[in-house]
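Q: Sharing a model that was predicted from the sequence below.
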Amino acid sequence: MTNQSTIPVIVNGAAGKMGREVIKAVAQAPDMILMGALDTSPEHQDKDAGELAGLSEPLEVPITNQLEPMLGYVAGERQMAPGVMVDFTHPDAVYDNVRSAIAYGIRPVVGTTGLSAEQVQDLTDFAEKASTGCLLIPNFSIGMVLLQQAAVNASKYFDHVEIIELHHNQKADAPSGTAIQTAQLLAELGKTFNPPQVEETEKLPGARGSLADEGIRIHSVRLPGLIAHQEVIFGAAGQIYTLRHDTSDRSCYMPGVLLAIRKVNQLKSLVYGLEKIL
Ligand SMILES: NC(=O)C1=CN([C@@H]2O[C@H](COP(=O)(O)OP(=O)(O)OC[C@H]3O[C@@H](n4cnc5c(N)ncnc54)[C@H](OP(=O)(O)O)[C@@H]3O)[C@@H](O)[C@H]2O)C=CC1
Ligand SMILES: O=C(O)C1=N[C@H](C(=O)O)C[C@H](O)C1
């Protein structure tokens, strides 16, 4: 049964690896109802979202590629809480998806990575003007938040740090959104890392990885068999301090996704990072 505190949820990217996990999690959440399942992949059109996600019973929610009519449908719902769109699609699609959702008053919870800094700023301004909550969360796992906190702490004592992120080889963007966010959190401390020790020459382009702010290097590995992994390696004379997080199942992101769906309706602007809503 639904009431004014039930949250209507649309999942965008519903046929993807993350979308299917989100469908299962939302279907099991007592305070949420799946109202729409969007995906552009032609082979999944009209399939039941619940069956596609591996649930034993159909949810009677067919996969569609019609975003705007779906946003309009959920925006018109007056017997429940404001609608939320969870987006796990593609770096090329997420910016337009989020703008469309905000334009309809639907709150975006965004896991899709690969937005540029300019796009994030533009969405921040757009959400602010619309007084609409929006969450951009590069990583929904609690383990990664704890790793980042430990890295921020360690970076007060170490001047040398490099990040290695390792992912499955279906990933479209590099470096990962999580690695970029981790580097940002360290760079915000206002200190420059990795002061050069010698004049370096890259004999193959990219050998030293990508250069983020404040001298922080990020290296990206893509292999079948990986899911999502990150190391932050600190070095100093005579010692190495390594922080590592490993994902072994995408269900690890679901507590964070459900928390974000519940929190986004309390916000009036865009918030970046899971740590801000814990
Ligand atoms: N924040 C976090 O904690 C996490 C973030 N991610 C991020 O989430 C995103 C999705 O990851 P993942 O589920 O592994 O990817 P998948 O490729 O498995 O799933 C994405 C799905 O979205 C579909 N799609 C592509 N474009 C659109 C669009 N414009 N509208 C609707 N659907 C679309 C794809 O269809 P088709 O295949 O036909 O293109 C596919 O079915 C990535 O950016 C990834 O980095 C992933 C894990 C955790
Ligand atoms: O593509 C993935 O899988 C993941 N993407 C996110 C990122 O780019 O950081 C989060 C997690 O690493 C999994």
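A: Perfect, I can see it now. Ligands and ions are numbered 1, 2, ... in the order given.

Q: Quick check: phi and psi on residue 162?
A: phi -140, psi 150 (degrees, to the nearest 10).

Q: Name the residues linked to it by a beta bridge.
A: Note on residue 162: beta-bridge partners residue 217, residue 233, judged by DSSP bridges.

Q: what residues are up against the spatially most central residue of the chain?
A: For the chain, the residue nearest the mean C-alpha position is residue 111 (2.5 Å; CA atoms, centre = their mean). Applying CB atoms under 8 Å, 6 or more residues apart in numbering to residue 111 gives the contacts 18, 86, 87, 88, 137, 138, 140, 253, 257. The C-beta positions use only the backbone N, C-alpha and C, and glycine is treated the same way.

Q: who wins for most neighbours among the residues you listed?
A: The residue in the contacts of residue 111 with the most neighbours, by other CB atoms under 10 Å, is residue 86 (29 neighbours).

Q: Need the pLDDT of that one.
A: If you check residue 86, the pLDDT there is 99.

Q: Is it located within a helix, as I assumed?
A: No: judged by DSSP: H, G, I helix; E, B strand; the rest coil, residue 86 forms no part of a helix; its state is strand.

Q: Tell me how far it lies from ligand 2.
A: To ligand 2, residue 86 is 14 Å away according to CB to the nearest ligand atom, to the nearest Å.

Q: same check, this time on residue 199
A: Residue 199 is 33 Å from ligand 2, where distance means CB to the nearest ligand atom.

Q: for residue 225, what are its contacts?
A: Shown in contact with residue 225 (CB under 8 Å, 6+ apart): residue 168.

Q: and what of the one 5 residues further on?
A: Under the criterion of CB under 8 Å, 6+ apart, the contact list for residue 230 reads 144, 147, 163, 164, 165, 166, 176, 178, 179, 182, 244, 245.

Q: Buried members of those into PyMOL, please.
A: Selection of buried members from the contacts of residue 230 for PyMOL, criterion 16 or more other CB atoms under 10 Å:
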select buried, resi 144+147+163+164+165+166+176+178+179+182+245
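
Q: what about the closest residue to ligand 1 within the stretch 151-278 of the chain, is that helix, strand or coil?
A: Nearest to ligand 1, among the residues of the stretch 151-278 of the chain, is residue 253, at 4.6 Å (CB to the nearest ligand atom). Per three-state DSSP, the local secondary structure of residue 253 is helix.

Q: Spatially nearest residue to it (excluding sequence neighbours)?
A: Among residues not flanking residue 253 along the chain, residue 140 sits closest, at 3.8 Å (CB to CB, 6 or more residues apart in numbering).

Q: now residue 65
A: Residue 65's closest residue in space is residue 40 (CB to CB, 6+ apart), at 4.9 Å.

Q: Residue 49 too?
A: The spatial neighbour of residue 49 that comes closest, neighbours along the chain excluded (CB to CB, 6+ apart), is residue 37 at 3.6 Å.
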